[in-house]
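In: what follows is a protein structure lacking sequence information:
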C-alpha cells in the first residue's frame with residue numbers, strides 16, 4: 001500500500017491529492033521562507049515579497065508535480081504545459097495576494113499568518129484546476 005501511495009504512477013485522484021499535499025508542503029516551505037527573508041531581512045514590501053516568493057514556490061511545485069504527482073499531461077508540448085501550469089499559478093497568485101492583503105491590511109492579521117490562511121485557498125484552487133484542466 002505504501003508503495004502504491006508513494007512510488008507507483010497513478011491516476012487515482014485521492015492518491016494524487018495526498019502527493020500534491022506533500023508537494024504543496026515543500027513548495028510552501030520555499031514560498032514562506034523566501035517571504036520571510038525578503039520582507040524581514042531585505043525589507044521588501046510584504047505584497048511584493050509574497051509575489052516573488054510565490055513564483056519560487058510555483059517552480060518547485062511544477063517540477064515535483066510533474067515528476068511525482070501527475071504522471072500524464074493532456075498536452076504533449078512541455079513549454080505549453082508549463083505555460084498552462086503557470087497560468088493556473090497566476091490565478092493562484094492573484095488569490096494569494098488578495099487574501100494576504102485583506103487579512104493583513106483590512107483585518108490586521110500578521111502577514112505571515114495571513115500567508116498561511118491564504119495558502120489553504122490557493123492550495124485547493126491549484127490542485128483541482130491542475131488535476132481537471134491540465135492533467136485530466
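Out: Right, received. Where do you want to start? None of the values given here were measured: they were computed from a predicted structure. Numbering: from 1, shown residues only.
In: which residues of this protein fall in helices?
Out: All helices of the chain, identified by DSSP state H, fall at 2-6, 13-36, 46-64, 78-101, 111-129.
In: okay, these in JSON lines with mean pLDDT next?
Out: Formatted as JSON lines, the helices of the chain follow (pLDDT from 0 to 100):
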{"stretch": "helix 2-6", "mean pLDDT": "86"}
{"stretch": "helix 13-36", "mean pLDDT": "96"}
{"stretch": "helix 46-64", "mean pLDDT": "94"}
{"stretch": "helix 78-101", "mean pLDDT": "92"}
{"stretch": "helix 111-129", "mean pLDDT": "95"}
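In: mean neighbour count and distance to residue 136 for those - can I get that in a markdown table?
Out: Backbone N, C-alpha and C define where each C-beta goes, glycine included. Output for those, formatted as a markdown table (neighbours: other CB atoms under 10 Å; distance: least, CB to CB, whole Å):
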| stretch | mean neighbour count | distance to residue 136 |
| --- | --- | --- |
| helix 2-6 | 10 | 21 |
| helix 13-36 | 17 | 11 |
| helix 46-64 | 19 | 17 |
| helix 78-101 | 17 | 12 |
| helix 111-129 | 18 | 11 |
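In: now for the ones you listed, which one comes closest to residue 70?
Out: helix 13-36 (6.5 Å; CB to CB).
In: TSV for the helices of the chain, including distance to residue 135?
Out: Shown next, in TSV, are these (distance: least, CB to CB, whole Å):
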stretch	distance to residue 135
helix 2-6	18
helix 13-36	8
helix 46-64	12
helix 78-101	9
helix 111-129	10
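In: ramachandran angles for residue 70?
Out: Main-chain dihedrals, residue 70, degrees, to the nearest 10: phi -110, psi 110.
In: now it: closest residue in space, sequence neighbours ignored.
Out: In this structure, residue 70 finds its nearest non-sequential neighbour in residue 135, 3.8 Å apart by CB to CB, 6 or more residues apart in numbering.
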